[in-house]
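In: quick one, what's the 3D model for this:
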Amino acid sequence: MSRRDNRPIKVYVTEEERQLIEAQASRAGLSASTFLRNVGCGYPVESVVDHRAVVDLLKVSADLGRLGGLLKLWLTNDEKVQGLTQSIQALLKELHDTQTELKEKVARLPS
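Out: Numbering: from 1, shown residues only. Below is the predicted model of the structure:
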């Protein structure tokens, strides 16, 4: 038996309430109907935004790790470091930019 074979419940809401419900449902990756059913029945509503944010942070973290490893390799070999001052400066700038990106993504995480 599908859910469509069951009886719907009508809920009257203002336009602002409708927008709020739809926004919260969207953040959870659910339709408004499924979101309301889950909330009404006491089922947990997990946000997909959190999962996306974690994936973004993991990617940025991996980038920082790769860049740090490359920098360490360059700095431990004196012969390779000579003449690479500009490259090292560019790498340091990229590390700084990536750290800034990571901080921005963390700041956007839901509280």
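
In: C-alpha from now on. contacts and neighbour counts both.
Out: OK.

In: tell me where this structure has helices.
Out: 15-27, 32-41, 48-76, 78-81, 85-107 (DSSP state H).

In: so which of those gets nearest residue 5?
Out: Shortest distance between residue 5 and the helices of the chain, using C-alpha to C-alpha, is found for helix 32-41: 14.8 Å.

In: can I get the helices of the chain in JSON lines with distance to residue 3?
Out: As requested, the helices of the chain are exported to JSON lines (distance: least, C-alpha to C-alpha, whole Å):
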{"stretch": "helix 15-27", "distance to residue 3": "18"}
{"stretch": "helix 32-41", "distance to residue 3": "11"}
{"stretch": "helix 48-76", "distance to residue 3": "23"}
{"stretch": "helix 78-81", "distance to residue 3": "66"}
{"stretch": "helix 85-107", "distance to residue 3": "38"}
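
In: out of those helices, which gets nearest to residue 7?
Out: helix 32-41 (12.4 Å).

In: does residue 57 touch residue 105 like I think?
Out: Yes. With contact defined as C-alpha atoms under 8 Å, residue 57 counts as touching residue 105 (7.0 Å).
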